[in-house]
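[1] have a look at this prediction, sequence included:
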Number of protein chains: 2
Amino acid sequence: MTAGVKTFRDDNAVAPEPDALGKLLALLQADMEACNRAIVSRMESPVALIAQVAAHIVAAGGKRMRPLLTLAAARMCGYAGGERHVHLAACVEFIHTATLLHDDVVDESRLRRGNASANAVFDNKTPVLVGDFMFARAFELMVADGSLHVLRILCSASATIAEGEVLQLVTQHDLTTTEARYLDVVRGKTAALFSAAAQVGAVIAARPLAEEDALATFGMNLGIAFQLVDDALDYAADQAVLGKTVGDDFREGKITLPVLIAYQAGSAEEREFWRRTLEEGEQGEADLARAMALLERHHAIEMTLARAADFVRAGQDALAIFPASALRDALIEVGTYTVNRAH
Amino acid sequence: MTAGVKTFRDDNAVAPEPDALGKLLALLQADMEACNRAIVSRMESPVALIAQVAAHIVAAGGKRMRPLLTLAAARMCGYAGGERHVHLAACVEFIHTATLLHDDVVDESRLRRGNASANAVFDNKTPVLVGDFMFARAFELMVADGSLHVLRILCSASATIAEGEVLQLVTQHDLTTTEARYLDVVRGKTAALFSAAAQVGAVIAARPLAEEDALATFGMNLGIAFQLVDDALDYAADQAVLGKTVGDDFREGKITLPVLIAYQAGSAEEREFWRRTLEEGEQGEADLARAMALLERHHAIEMTLARAADFVRAGQDALAIFPASALRDALIEVGTYTVNRAH
């Protein structure tokens, strides 16, 4: 074999550079495997349909961002006393999955994580009830953990999530939504759980309140950034890469930050376009392309990503009170990656 | 005014004999008013839509059976230390209301408590999310109570409810469902919360485990009876009196005990009728009347009510370990009333 000619085998041997999430996962591999086992075992039920939906969801995978935050925060804070971090990470993922299931009913989105969403495969009733079952399991895990402080944090996050989801219903189709109100939706529907997931890591490691707060702040800002990037990608992403349908938010009349930016900067004629398509829901074939062109004209995607980068920086700054460690670096890198995945 | 001629005012002054629930309520009036205030104040939210749906539900009222059980059990057990019974009663009602909201999505029943159901007035999304909000509020109330034992009981009940609801989905349209499996559905979707509601009354009064168990048993049996009577009334009730649509279960293809009894005792031709109408969902105008006639032919309503009476007796027996008191008598009478309301 001559130099410069790679065999097929050689090609395969060159593993792709792991992204920031991959690096974090590598540091927490045993914990994450234990967490996955906890998820599977806690979804067991004599009711076969529950196990079926669970298998559908577990097989779909997902990035497990939220449980990773709990595991990373706990280990960074020196937690080493047992399996509490694993069970609380599973609990956080159950809450997330339950809200996804209920969100599928609400949004009627056809693609979720690249597969048909649960309500397309089953029906519209199953995800509501299986979601409730997952919420109940999540609360059982919290109660089994036995800390009222942890319970308070995760219950309060659950209420905030529900409030954020209802607020999103209200702001849907309403172009007079302010950016501040939109950020309230984002804090509720996405960032509250990121925040709680990170905070409980410090709690079980019995760290001082300042460190709890720092992790809560990191999670909150990371969660906001994550959602803003998601909103941007909804008008930009390659569906095959991200397993999402481009234009979902547009079709559902969701008022997200890119739209608010373009609407506020738009001409009278452009505003009329947004009103027709998003408020009145009258959409023709060429409208998504037109929407994307308007977002580009007003740099709405760039501006949204810049806002996301601001939030990430605020979150990363909050981690400064922790001594340097591989886990702290990995968490900081996840923040940067969250914004960069859109470029 | 001559004797024998009553004025309008005199007519109104003749109060009807209070039923068993009315008598129980009279013994707990101040507690129940505090509970109603707790419900209203805990439904407050900066999100107006949540307050709106809450007002809709609170205005609709309902019998508040479950919170009454908590209040009655606590007081019968001598609880006098504060407001825990009130907050846990509110919590139990929140769990119940959340499941009703989610059930409305599932069943698409058009009448609930005599008013249009929440999803008919709002849309199909709102009740899912407001239900989630109520679950979260319920859990916040439990956490605020601070007893892990109470949390364990109510969380476990929530999981059992969700499991029962999913199991009901599975048995729907399936005439091979056994009575035992059907009772599993009933234990889950209805009786588990009755049981937990009564049990926590003993817990906060710090009574011995035997008394907790007795109240849990009473609640479980009362709840099963309550559901069986409900199933019977679905084929018999005067809609105007009960605020329910007769034949809801039939139209939805729900397999309930009256149907199972008539199906198992039925001729080949009758079984074919049940298969067409309930399994395949092909229903014509005269089919509900035919179904009711078949239930009568096989004494299915009477037999269902007799089963309910058995459960009530088992529940009442469990209360024998408590010393006689006005509250114990009232609880026993509620059991009897639960079956008698159908006659």
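    Happy to help now that I have it.

[2] CA atoms for contacts and neighbours, from now on please.
    OK.

[3] which of the residues in stretch A:80-98 are buried?
    Neighbour-count burial for stretch A:80-98 flags A:84-98 (criterion: 16 or more other CA atoms under 10 Å in any protein chain shown).

[4] which ones among these map onto helices?
    Those of the buried residues of stretch A:80-98 mapping onto helices are A:84-98, per DSSP state H.

[5] from those, pick the one nearest residue A:176.
    Ranked by distance to residue A:176 (CA to CA), these are led by residue A:96 at 29.2 Å.

[6] now do that closest one against residue A:19, distance only.
    Distance of residue A:96 to residue A:19, computed by CA to CA, to the nearest Å: 23 Å.

[7] on that earlier part again, of the buried residues of stretch A:80-98, which is the nearest to residue A:223?
    Closest approach between those and residue A:223, by CA to CA: residue A:96, at 12.7 Å.

[8] what's in contact with the helix or strand harbouring residue A:181?
    Residue A:181 is part of helix A:179-186, with elements assigned from DSSP states H and E. For helix A:179-186, the external contacting residues (CA atoms under 8 Å, 6 or more residues apart in numbering or on different chains) are A:164-165, A:167-168, A:171, A:224, A:227, A:255-257, A:260.

[9] what pLDDT, on average, does the next helix or strand after it get?
    For helix A:179-186, the succeeding helix or strand toward the C-terminus, using DSSP H and E, is helix A:192-204. For helix A:192-204, mean pLDDT rounds to 98.

[10] helix A:192-204 near chain B anywhere?
    No: using CA under 8 Å from any CA of the partner chain, helix A:192-204 stays clear of chain B, coming no nearer than 13.2 Å.

[11] the helix or strand just after that helix to helix A:179-186, inter-axis angle?
    Downstream of helix A:192-204, the first helix or strand assigned by DSSP H and E is helix A:209-233. Between helix A:209-233 and helix A:179-186, the angle comes out at 110 degrees (axes from the mean of the first three to the mean of the last three CA atoms, to 10 degrees).

[12] quick one: helix A:209-233 to chain centroid distance?
    10 Å (CA atoms, centre = their mean, to the nearest Å).

[13] helices or strands next to the host helix or strand of residue A:25 in the packing?
    Using DSSP H and E, residue A:25 sits in helix A:20-27. For helix A:20-27, the elements it packs on are helix A:65-76, helix A:326-340, judged by 3 or more CA pairs under 8 Å, 6 or more residues apart in numbering or on different chains; DSSP states H and E.

[14] which of those sits closest to chain B?
    helix A:65-76 (19.1 Å; CA to the nearest CA).

[15] pLDDT averaged over the closest one - what is it?
    Averaging pLDDT along helix A:65-76 gives 97.

[16] over to stretch A:135-155?
    Stretch A:135-155 shows a mean pLDDT of 94.

[17] and that stretch, how far apart are its ends?
    End-to-end distance for stretch A:135-155, by CA to CA: 11 Å.

[18] what lies in contact with that stretch?
    Stretch A:135-155 is contacted from outside by A:42-43, A:84, A:87-88, A:90-92, A:94-95, A:98, A:193, A:196-197, A:200, A:203, B:136, B:139-140, B:143-144, B:146, B:148, B:151-152, B:155-156, B:158-159, B:162, using CA under 8 Å, 6+ apart.

[19] over to stretch A:43-51?
    Residues from elsewhere that reach stretch A:43-51, judged by CA under 8 Å, 6+ apart: A:54, A:130, A:134, A:137, B:163, B:166-167, B:170.

[20] swap the cut-off to 10 Å and go again
    The set of residues external to stretch A:43-51 that reach it, using CA atoms under 10 Å, 6 or more residues apart in numbering or on different chains, is A:40-42, A:52-58, A:94, A:122, A:126-127, A:129-131, A:133-134, A:137, B:162-164, B:166-170.

[21] residue A:55 contacts residue A:36, correct?
    No: using CA atoms under 10 Å, residue A:55 is not in contact with residue A:36; the gap is 11.9 Å.

[22] looking at these two, which is more packed in?
    Higher neighbour count among residue A:55 and residue A:36: residue A:36, with 21 against 15, using other CA atoms under 10 Å in any protein chain shown.

[23] can you tell me the element the more buried one falls in?
    Element membership for residue A:36, per DSSP H and E: helix A:29-42.

[24] so what's the model's average confidence on the following helix or strand past that helix?
    Moving toward the C-terminus from helix A:29-42, the next helix or strand (DSSP H and E) is helix A:48-60. Average pLDDT, helix A:48-60: 75.

[25] can you give me the buried ones in helix A:48-60?
    Those would be A:49-51, A:53-54, A:56-57, for helix A:48-60 by 16+ other CA under 10 Å.
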